[in-house]
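*Asks:* After the sequence you'll find the predicted model.
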Amino acid sequence: MNKQPNHTLKIGSLCTGYGGLDMAVQKVFGGTLTWVADNDRHMAQLLAVRHPSVPNLGDISRIRWHEVEPVDLVSAGFPCQDISFAGRGAGIVHCAGVA
């Protein structure tokens with residue numbers, strides 16, 4: 001017997017980027033994107049177009065998590081701007097605040 005859940009799976013996304021991981025998570029698990037968190041201004045513009053009703057919480061280090069809507073599943077990209085060709089190329093040490 002195929003049992004249907006009594007609620008829709010709520011998904012939160014950290015370091016969302018363009019949202020590719022979220023698309024895969026929704027394809028595999030179903031559910032709806034409840035919030036995203038990405039502070040890159042270009043990604044924020046893209047996310048606003050792709051998910052106009054989904055709030056972007058911005059910089060994950062500044063979020064007041066006790067005020068955020070709870071979710072059932074969290075997907076997380078890697079904050080790769082410093083090691084990506086699209087970023088500064090400063091490396092992971094810079095990401096950790098050591099540089």
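*Replies:* Happy to help now that I have it.

*Asks:* contacting residues for K10?
*Replies:* Residues near K10 by C-beta atoms under 8 Å, 6 or more residues apart in numbering: 31-32, 34, 69-73. Glycine gets a C-beta too; all of them are placed from N, C-alpha and C.

*Asks:* and it, what are its bridge partners?
*Replies:* Going by DSSP bridges, K10 is paired in beta bridges with T32.

*Asks:* next one: the one 4 residues further on
*Replies:* Each beta-bridge partner of L14 is listed here, defined by DSSP bridges: A37, A76.

*Asks:* ok, now which ones touch it?
*Replies:* By C-beta under 8 Å, 6+ apart, the neighbours of L14 are 37, 60, 74-77.

*Asks:* ok, A44 touching A37?
*Replies:* No. Using C-beta atoms under 8 Å, A44 is not in contact with A37, being 10.0 Å away.

*Asks:* Give the intersection of the neighbour lists for those two.
*Replies:* Common neighbours of A44 and A37 (C-beta under 8 Å, 6+ apart) are 56, 58.

*Asks:* Looking at those two, which one has more neighbours?
*Replies:* Set A44 next to A37 and count neighbours by other C-beta atoms under 10 Å: A37 wins out with 22 against 14.

*Asks:* quick one: D22 and L73 touch, right?
*Replies:* No. Judged on C-beta under 8 Å, D22 makes no contact with L73 at a distance of 10.2 Å.

*Asks:* who has more neighbours, those two?
*Replies:* Each of D22 and L73 has its neighbours counted (other C-beta under 10 Å); D22 has more, 23 against 14.
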